[in-house]
Each structure stands twice: as C-alpha cells, then as structure tokens.
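> show me how the following folds:
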Amino acid sequence: MSACRPPARWPGWVAVCVRLEADDLAALLIRLSGLPGEDDAQRQVLETAAGKLAGSPAVIVLLPEHDTAPMVPGDDTGVRFPYASEWLTEPEITAVLACLRQAIRRACIQIADDARKIQAAVTPSPTHGRLFTRRIGHFQLVADESDDDNWLDESAPEEVKRVLDAILNDGARFGAVRLVVSCNTMSAILAYGLVTDVLRYPGDPARRWLDHDLLHEVIRDARAEMLSVLNAHRTFLKKS
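Numbers count the residues shown, from 1 in each chain. Below is the predicted model:
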C-alpha cells in the first residue's frame, strides 16, 4: 500500500493506493469487522462476504481521484470493485464498500493529524521561540528556535524513527537552535552560533539538549570580540 502525496501546500492530505487480491481482502475484512463500532449484524455481513471472497478471483483497487479535491481526508481515494456481484449480494457489496471507506477515512485522518503535529514541531514558534535567556552584568546569552536547515533525512532511518516517535507520542520539538551573546551597553551582538537537529522534550531543562561545545565556543568568541573592542577603544583614546 502506498500514499500518493498532494501538493506541499497541504501536507498530510493523501490518497490511498493499493490493489487487494481476494485472500488479502478477505483477511482485511475479518480484521476490520472486529473493530469497535461495528454492530453484530454488520460484523456478520462482513464475515460472510469475507468467506465468499476467499479463494475467488475478486480484486479491489484503491486509487487516487486526481480530479477531485477532498473535503475531508480520504475523500479523494476511489474504490473499484469490478464484477463484485459475481461473488457478493448487493447488501454485502454495500457493507464491504462502507467498511473500506471508513478504514480509508480513519487512516487518512490519522496521517493528516500526524502531519500537522510534525509541521508544528519543526516550525519555529512565533510566540514561544525563545528557549532561554541568561544575563550576567551587561551581557546577555539567548537561545532561540531557528528556521535554518537541518540535516536529518532518510540516510539515518533509525534516527528519523526516533525523532518522529518523540514528536508524535511525547510532544517533542525538533529543529535548529541559535545562540547569541550580546552586550546591552553597546547594543551589539558579540558572537553567535547555530546547532541543528536538536530534539527537545517538553519540560526538559536546557542542559539536556544544549550543545555545550557550541556554548563554550560562542562564549569564547564573545570574549575575544569584547577584548578586540576594548583594545580598539584604548588605542583610540591614546591617539586622542
């Protein structure tokens, strides 16, 4: 089974593409008939239909209907059941199609919901993008979510799986973090650094996800920049 992707403007809106031979279809109907929400009469109809289809040449094809924009997830998945009445009665055909459409709807809604969660988790927050602020005298260190590119991709499947699991099941956020050291008296940025592919769990203190090597590097660069400014200032005063 595969999912045909829509334009990037609407991530998560997919159509299901699959060809189900009779035995696979029968097994799927048995499994779906046992889900909550199916009454005894409906369950019996589906089980009877599954028994008739097993071993037959029946085929069901799910495919995208590109000429139809979906109103709700799954609406643009077409269901083709050629020659269905060779094996099933009309009520059985109706029950099978209704069962499949419900399954398509559930799967597509779940994918759309997951896509929204992922998109929100990797997009810098306009209201909560500042992760922390530390002030020492006239100096300030801030960490902000950044929209810089990350490097995680399909070349690291286990890490992708770990990140997606954290986002979908634990509410984690993922992305780049920018560190900036500034001087309030000078209204100037002394140094900054960027760390990518940062996975942050809700409630985690900064020490859990902060790249301490980058932190030390940024502070070192800020000190060097401050010394350079002071030396330039001293040189200017001497010449004056």
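
> can you pull up the most central residue in the protein?
Ile118 (2.5 Å; Cα atoms, centre = their mean).

> now it: closest residue in space, sequence neighbours ignored.
In this structure, Ile118 finds its nearest non-sequential neighbour in Ile167, 5.7 Å apart by Cβ to Cβ, 6 or more residues apart in numbering. For every residue, glycine as well, the C-beta is placed using N, CA and C.

> where does the one you found fall, secondary structure wise?
helix 157-170 (DSSP states H and E).

> Arg134 now?
Going by DSSP H and E, Arg134 is in strand 130-136.

> buried ones in that strand, by neighbour count?
Burial within strand 130-136, assessed by neighbour count using 16 or more other Cβ atoms under 10 Å, is assigned to Leu131.

> who are the packing partners of the helix holding Ile167?
helix 90-122, strand 173-183, strand 188-200 (3 or more Cβ pairs under 8 Å, 6 or more residues apart in numbering; DSSP states H and E).

> residues in contact with that helix: which ones?
Here helix 157-170 makes contact (Cβ atoms under 8 Å, 6 or more residues apart in numbering) with 114, 117-118, 121-122, 152-154, 172-174, 199, 201-202.

> could you redo the last one with a cut-off of 6 Å?
Contacts with helix 157-170, where a contact means Cβ atoms under 6 Å, 6 or more residues apart in numbering, come from 114, 117-118, 121, 172, 174, 199, 201.

> what do you get for stretch 65-77?
By Cβ under 6 Å, 6+ apart, stretch 65-77 touches 15-16, 62, 64, 78, 104-105, 108-109, 112.

> keeping just the C-alphas, turn it into PDB.
These are the backbone C-alpha positions of stretch 65-77, laid out as PDB (Å, rounded to 0.1, in the frame of the first residue of the first chain):
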ATOM      1  CA  GLU A  65      -9.100  10.500  -7.900                       C
ATOM      2  CA  HIS A  66      -6.900  13.500  -9.000                       C
ATOM      3  CA  ASP A  67      -9.800  15.400 -10.500                       C
ATOM      4  CA  THR A  68     -11.500  15.700  -7.000                       C
ATOM      5  CA  ALA A  69     -10.100  17.900  -4.200                       C
ATOM      6  CA  PRO A  70     -11.000  16.200  -0.900                       C
ATOM      7  CA  MET A  71     -13.300  18.000   1.600                       C
ATOM      8  CA  VAL A  72     -12.000  15.700   4.400                       C
ATOM      9  CA  PRO A  73      -9.000  13.300   4.400                       C
ATOM     10  CA  GLY A  74      -9.700  10.200   2.300                       C
ATOM     11  CA  ASP A  75     -12.400  11.700   0.100                       C
ATOM     12  CA  ASP A  76     -10.100  11.600  -3.000                       C
ATOM     13  CA  THR A  77      -9.500   7.800  -2.700                       C
END
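
> state the mean pLDDT of that stretch.
Across stretch 65-77, pLDDT averages out at 84.

> same check on stretch 203-217?
Stretch 203-217 comes out at a mean pLDDT of 93.

> quickly list the domain ranges of this structure.
2-118, 130-239 (automatic domain parsing).

> in space, what's closest to Ala206 - neighbours in sequence excluded?
Nearest one to Ala206, counting by Cβ to Cβ, 6+ apart, is Phe132 at 5.2 Å.
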